[in-house]
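Trainee: need a structure here:
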Amino acid sequence: MRELKVGIIGAGIWGANHARVFNTLLQTRLVAVCDIAPERANAFKEQSGCAAAYSDFNELIADPEVEAISVATPDFTHAPIILAALKANKHVLCEKPLAMTLEETEEVAKAAAQSSGKLMVDFHNRVNPAIVQLRDAVAAGEIGNAVHGYARLSNTTYVPLEMLSWAAKSSALWFLGSHVVDALRFVLNDEVVRVYSVARSGVLKARGVDTQDVHISTLEFSKGAVITLENSWILSTANPIAYDFKIELVGDKGQINANPSHNGAVTKLTSQGAKFADLLGITPTGPSRIGGFVLEAIAQFVDAVLDEAPLLADAKDGLAVTRVLAAIEQSAAQGTPVRLCF
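Mentor: Just a heads-up that it's a prediction; the model follows:
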């Protein structure tokens with residue numbers, strides 16, 4: 001059995017998820033880690049058992065032991081890392097978004113087409129059981145033609161104020177909207193052709209994070225469906241979970257709703273209030289297996305590299321999502337609808 005040797009760039013929360021997968025699968029070996037903070041890189045190296053730690057991503061990319069690279073760094077840092085890795089013909093798994101400008105994303109997509117390395121975007125909701133159920137129901141015609149819907153992926157203020165030190169360099173639109181726009185494309189098997197969006201700011205700025213509080217957007221798809229999309233970073237921390245994810249679709253023959261976050265299958269009631277548990281993202285398994293859609297998506301990158309399995313989401317998907325998010329920002333800034341060109 002061939003072994004894939006992997007390096008991780010970004011020694012934070014999500015980098016740890018990547019390490020968990022690569023240290024569990026029998027066909028992968030984690031050989032290097034990189035983080036801009038040397039002490040964090042070295043701590044990650046010790047915890048994960050890999051051989052090398054770097055503070056410059058170019059050094060990790062140049063490491064001859066590294067065949068594939070996971071990019072688990074902040075949203076705004078992705079493009080230069082991906083471009084350098086693809087130039088070196090390394091395989092790349094990148095967290096969303098692929099990049100935060102249309103120009104950078106187009107450059108990445110062009111580089112992916114020219115490189116012998118594979119590029120996958122970690123749009124992990126494509127293997128989220130709730131979202132797959134939506135996709136299958138729509139594809140089977142259970143609700144007929146999708147007419148309208150509502151999608152919400154928002155966070156409590158804990159995320160921009162406490163969890164992400166770099167929140168001011170991103171927004172709920174880029175951090176969360178990238179996931180849900182791709183999920184809608186996946187479920188509807190369709191592309192967005194026009195958007196109209198309104199943004200509001202002030203709550204986070206007053207608390208020291210200079211980014212938008214919320215985008216409320218209308219997405220029109222080519223087959224006729226109209227979806228209202230909410231991406232907010234100012235939900236109350238009194239919520240029982242830090243994220244709120246819902247998709248509701250109404251068709252001409254039926255309706256289907258998904259509520260992956262607030263389904264209440266497990267509710268903890270303590271002195272700190274009510275809290276929901278996440279039962280889908282990461283699930284219990286034996287020591288040689290991984291479970292849950294968050295880890296499964298990472299494992300599918302390995303399948304694509306070693307077994308020529310289809311990529312879960314490729315550069316074209318990443319580019320399509322960035323086009324929509326950039327159009328949403330443009331619409332919110334100018335106060336008019338924006339039509340997308342493909």
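Trainee: give me the element residue 321 is part of.
Mentor: With elements taken from DSSP states H and E, the one containing residue 321 is helix 315-334.
Trainee: Not counting residues beside it along the chain, what's closest to residue 198?
Mentor: Computed as CB to CB, 6 or more residues apart in numbering, the closest residue to residue 198 that is not its neighbour in sequence is residue 216, at 5.2 Å. Glycine gets a C-beta too; all of them are placed from N, C-alpha and C.
Trainee: ok, now which ones touch that neighbour?
Mentor: 197, 198, 199, 228, 229, 230 (CB atoms under 8 Å, 6 or more residues apart in numbering).
Trainee: Helix or strand: which one has it?
Mentor: Take DSSP H and E as the rule and residue 216 turns out to sit in strand 214-221.
Trainee: Give me the mean pLDDT for that strand.
Mentor: Rounded to a whole number, the mean pLDDT of strand 214-221 is 98.
Trainee: Can you tell me the strand partners of it and which way each runs?
Mentor: When sheet partners are counted by DSSP bridges, strand 214-221 sits next to strand 192-200 (antiparallel), strand 226-232 (antiparallel).
Trainee: Is residue 300 in contact with residue 127, as I believe?
Mentor: Yes: look at residue 300 against residue 127 with CB atoms under 8 Å: they come within range, at 7.1 Å.
Trainee: who's more crowded, the two?
Mentor: Looking at residue 300 and residue 127 with other CB atoms under 10 Å, you find the greater number of neighbours at residue 300, namely 21 against 18.
Trainee: Doesn't that one belong to a helix?
Mentor: Yes: residue state for residue 300 (DSSP: H, G, I helix; E, B strand; the rest coil) corresponds to a helix.
Trainee: ok, now which ones touch it?
Mentor: 120, 127, 309, 311, 312.
Trainee: And residue 28, by the same measure?
Mentor: 3, 4, 5, 6, 21, 22, 302.
Trainee: in terms of contact, does the fourth one touch residue 71 like I think?
Mentor: What it means is residue 6. No: Residue 6 lies out of contact with residue 71 (CB under 8 Å); the separation is 11.5 Å.
Trainee: Please parse this structure into its domains.
Mentor: Per the record's domain assignment (automatic domain parsing), the chain is made up of the domains 4-124+286-313, 125-282+321-339.
Trainee: So what touches stretch 52-61?
Mentor: Residues from elsewhere that reach stretch 52-61 (CB under 8 Å, 6+ apart): 7, 9, 31-38, 41-42, 44-45, 63, 65-66, 69, 81, 84-85, 88, 90.
Trainee: Show me the strands in the stretch 51-200 of the chain, by range?
Mentor: Under the criterion DSSP state E, counting those that start in this stretch, the stretch 51-200 of the chain carries strands at the ranges 52-54, 68-71, 91-94, 119-121, 146-155, 192-200.
Trainee: Backbone dihedrals for the residue lying farthest from the centre of the chain, both of them.
Mentor: With distances taken from the mean C-alpha point of the chain and given as CA atoms, centre = their mean, the most distant residue is residue 271, at 32.6 Å. Note on residue 271: its backbone torsions stand at phi -60, psi -20 [degrees, to the nearest 10].
Trainee: What score does it have for pLDDT?
Mentor: At residue 271, the model reports a pLDDT of 91.
Trainee: swap in the one 5 residues further on?
Mentor: Model confidence at residue 276, expressed as pLDDT, equals 91.
Trainee: Tell me who's in contact with it.
Mentor: For residue 276, counting by CB under 8 Å, 6+ apart, the contacting residues are 240, 241, 261, 262, 263, 264, 266, 267, 268.
Trainee: So what pairs up with it in the strands?
Mentor: As assigned using DSSP bridges, the partners bridged with residue 276 are residue 267.
Trainee: Looking at residue 6 and residue 71, which is more packed in?
Mentor: Using other CB under 10 Å as the criterion, residue 6 and residue 71 rank with residue 6 on top: 31 against 27.
Trainee: Return the distance of residue 216 relative to residue 150.
Mentor: For residue 216, the distance to residue 150 equals 11 Å [CB to CB, to the nearest Å].
Trainee: Could you do residue 68 as well?
Mentor: Counting by CB to CB, the gap from residue 68 to residue 150 is 38 Å.
Trainee: The two: who's more crowded?
Mentor: residue 68 (25 against 14).
Trainee: Pretty sure that one sits against residue 88.
Mentor: No: counting by CB under 8 Å, no contact exists between residue 68 and residue 88, whose distance comes to 11.2 Å.
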